[in-house]
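Engineer: My questions are about this predicted structure, shown below with the sequence.
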Amino acid sequence: MPGASVISETWLWAGWAAAAAPFAAFVLILFLLRRRPGAAAAVSLAAVATSMVFALCLLVCCVDMETPLRSVVTWMISGDTVISAGVHLDGLSLLMLAVVCGICLLVQVYSLGYMAGDPGFARYYAFMSLFAGAMIFLVLAPGLVQLYIFWELVGLSSYLLIGFWFEKFSASRAGKKAFVMTRLGDVAFLAGLLLLLVRGGVMDIAALSNGAAGLSSGMITVSAVLIFGGVIGKSAQFPLMTWLPDAMEGPTPVSALLHSATMVAAGVFLIARMFPFFSQSDAAMTFLLAVGTVSMLMSATMAMVSRDIKQVWAYSTISQLGFMLMALAAGGYFAGVFHLFTHAGFKALLFLCAGMLIHAFHSNDMFVIGQGGARGLKIPMLCMAVGAAALSGIWPFSGFASKEAVLATLVSLENPAWLIAGLAGVFLTAYYTFRLVFIIVFPAGRGQTRAEDPARGVAYAYGAMAWPVILLAFATLVLGFLAAPIRHWLAAGAGAHEAVHGPAWLAPLSLGLVFAAIAVAWVEFGRKNASQTGFVERVRVVAELFARRWYLDDIWGWAVSRLLDRGAAEACRQADNRVIDGFVHSLAGAAVASGRVLARGHRVMIQARLMIMFAVVFGLTCIMLIWG
């Protein structure tokens, strides 16, 4: 139908415009508005608001879309291999587009207050626009080459924003650590792409999912595991998980945007986007399940002993991303995507609430924040309670519905160990979440806390930060009730027939574990005269293990210093001795040898000439005597 064709073209152009607007803002700020911070913020906000409008229009207009819409252009051709670029609109990409644009917009509004007066204000909004554009193009990518390019651009944006306050050595080091560790995973990702390109000649995600590449089962397993290496790096999974807590050195809005709701979730999005392809290999899915489970449990234990409020939420992000990977690896397409959707809302909420507290008390230490009178800040404390309830999985908050969907997926597995691990994660999550809440709300020596409002004198900043937090708290309350429409929205995907609700005993059991964990946290940190020392912290060896991140940083440090640094140093020494010095010595030896040959020849020629001269003189003398 001509009318339908025109409408489809309009939707596709809206997708292009949603991705292009932030890039245009980045270029404009970078070249024209670096010395005009107010104008830079206005341009960036206008661009991301434009993207948000297009995203919402697409979400509403395409609600009954039966087949995906694509707009692609041929980028490169080599033999039978065609590399395309463009936009791909389906339920998953449009849902993720709305999440990315919504969180970007709220975080940029929040940043008006949090970053007010910062000398790098314009530069901050330029980097934010760069990230938003890269993330949108990643979400809409129809092929792996385009996705990988913007995957790397997202990593560059992360590096720039983590090290935004580069004057601080810790921030500069954290940015480099994040960049290097994520590149390790991206090397594996690139190897997987090259393997698919060489063996299958297909880079289109839809074609790969439909088996158009004609790969063997072994080749699918190898390429899937290699691609998952990129997910391990980007989503901070075991063993490349320690960069994310250190990345909290960046501004708190950066943590809320990149390291909770969007960038680190790109890895989970990639698995969901290629879910039919990964599902073709049971071995690859089992590997995903194991990595997700280990990451979920290990990071949860790290959060149990941390004092830094942002690092607790960072560990929690790693844990919840592992939870999503468990759902996807167990065949729960809807459960993994739905938990990704709800987590984006309540984790951004928790980070932004933490930012308000840090902005007021100039400390990341939750004990210092609590003793400073944080309970006097009503908006962040109430909203943080909402986010904490959602993270713990308490009804009726959004985290309850998505967590139950994940557990229902794990119940369907033959091995009960995966469900037991998931339930253990539920208990640990509720424990470390309310440990933080009780430390701040019921600090030690609570009778001596200040009574005045810490936000006094910063009304503008407080107001700019408060409204995004309130909106996210409202979203956290209602998103859990959207499970049915989101399931219908994703019905065209691979998870149309999976279970959403588990057995009747599952929800009471998980809620019982949640409330048991909260009770333990209350006894240790909330009640009057509580010791505020957790049961883990009483065992010094275990507490040291968790605080040192299971010694992963030490292991990586040893590997880098002994294997990479010393290995590289030895390789350079051998290259210097055998290649550079060897070449120079060989050249010098050749020069000496040739000189000796020439010298010997020169000596032989002198003797010959003397003999000839003597013979001539002798001959002439004889002739003269005879004839004379």
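Structural biologist: It's in.

Engineer: Helix, strand, or coil at residue 422?
Structural biologist: helix (DSSP: H, G, I helix; E, B strand; the rest coil).

Engineer: now it: how far from residue 509?
Structural biologist: As for residue 422, its distance to residue 509 is 11 Å (criterion: C-beta to C-beta, to the nearest Å). Bear in mind the C-beta positions are built from the backbone N, C-alpha and C, glycine included.

Engineer: got it, and residue 186?
Structural biologist: Residue 186 sits 40 Å away from residue 509, going by C-beta to C-beta.

Engineer: Identify the residue spatially nearest to residue 81, adjacent ones excluded.
Structural biologist: residue 201 (4.6 Å; C-beta to C-beta, 6 or more residues apart in numbering).

Engineer: Equivalent analysis for residue 524, please.
Structural biologist: Of all residues beyond its chain neighbours, the one nearest residue 524 is residue 534 (5.5 Å), with distances taken as C-beta to C-beta, 6+ apart.

Engineer: so that neighbour, which of the three states?
Structural biologist: From three-state DSSP, the assignment for residue 534 is coil.

Engineer: quick one, phi/psi of it?
Structural biologist: Main-chain torsions, residue 534, degrees, to the nearest 10: phi -70, psi 160.

Engineer: Tell me the buried residues in stretch 399-414?
Structural biologist: 399-411, 413 (16 or more other C-beta atoms under 10 Å).

Engineer: okay if I get these as CSV plus secondary structure, distance to residue 141 and pLDDT?
Structural biologist: As requested, the buried residues of stretch 399-414 are exported to CSV (DSSP: H, G, I helix; E, B strand; the rest coil; distance: C-beta to C-beta, whole Å; pLDDT from 0 to 100):
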residue, secondary structure, distance to residue 141, pLDDT
399, helix, 29, 89
400, helix, 32, 92
401, helix, 29, 90
402, helix, 25, 92
403, helix, 29, 93
404, helix, 31, 92
405, helix, 26, 91
406, helix, 26, 93
407, helix, 31, 94
408, helix, 31, 92
409, helix, 27, 92
410, helix, 30, 93
411, helix, 34, 93
413, coil, 31, 90
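
Engineer: Residue 422 and residue 509: who's more crowded?
Structural biologist: residue 422 (25 against 16; other C-beta atoms under 10 Å).

Engineer: ok, and the closest non-adjacent residue to the more buried one?
Structural biologist: Closest to residue 422 by C-beta to C-beta, 6+ apart is residue 410, at 4.8 Å.

Engineer: so who does that neighbour touch?
Structural biologist: The contact partners of residue 410, by C-beta atoms under 8 Å, 6 or more residues apart in numbering, come to 326, 327, 330, 332, 418, 419, 422.

Engineer: what's the answer for residue 179, then?
Structural biologist: 155, 158, 159.

Engineer: Give me the distance between the helix or strand harbouring the last one and the centre of its chain.
Structural biologist: Assigned by DSSP states H and E, residue 159 belongs to helix 144-162. Here the centre of mass of C-alpha atoms in helix 144-162, compared against the chain's by C-alpha atoms, centre = their mean, to the nearest Å, lies 9 Å away.

Engineer: now the next helix or strand after that helix against helix 144-162, angle please.
Structural biologist: Per DSSP H and E, the first helix or strand lying C-terminal to helix 144-162 is helix 169-199. Angle between the axes of helix 169-199 and helix 144-162 is 180 degrees (criterion: axes from the mean of the first three to the mean of the last three C-alpha atoms, to 10 degrees).

Engineer: Just send the contacts of residue 410 back as TSV, with secondary structure, distance to residue 178 and pLDDT too.
Structural biologist: Compiled in TSV, those are given as follows (three-state DSSP; distance: C-beta to C-beta, whole Å; pLDDT from 0 to 100):
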residue	secondary structure	distance to residue 178	pLDDT
326	helix	24	95
327	helix	26	93
330	coil	29	92
332	coil	29	90
418	helix	30	94
419	helix	33	94
422	helix	28	94
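
Engineer: top of those residues by neighbour count?
Structural biologist: Going by other C-beta under 10 Å, residue 327 tops the contacts of residue 410 with 33 neighbours.

Engineer: check contacts around that one.
Structural biologist: Listed by C-beta under 8 Å, 6+ apart, the contact partners of residue 327 are 335, 336, 339, 405, 406, 409, 410.

Engineer: Please report how far it lies from residue 371.
Structural biologist: Distance of residue 327 to residue 371, computed by C-beta to C-beta: 39 Å.

Engineer: which stretches of the stretch 1-150 of the chain form strands?
Structural biologist: Secondary structure of the stretch 1-150 of the chain by DSSP state E, counting those that start in this stretch: the strands cover 69-78, 81-89.

Engineer: buried residues in the longest one?
Structural biologist: This points to strand 69-78. Within strand 69-78, the residues scored as buried using 16+ other C-beta under 10 Å are 69, 70, 71, 72.

Engineer: Which of these sits closest to residue 280?
Structural biologist: Set against residue 280, the nearest of the buried residues of strand 69-78 by C-beta to C-beta is residue 70 (22.3 Å).

Engineer: circling back to that earlier point, pipe the contacts of residue 410 into a markdown table and attach distance to residue 215 per row.
Structural biologist: A markdown table is the format used below for those (distance: C-beta to C-beta, whole Å):
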| residue | distance to residue 215 |
| --- | --- |
| 326 | 26 |
| 327 | 25 |
| 330 | 23 |
| 332 | 25 |
| 418 | 28 |
| 419 | 32 |
| 422 | 32 |
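
Engineer: tell me which of the residues you listed is nearest to residue 524?
Structural biologist: Checking the contacts of residue 410 against residue 524 by C-beta to C-beta gives residue 422 as the nearest, at 24.0 Å.
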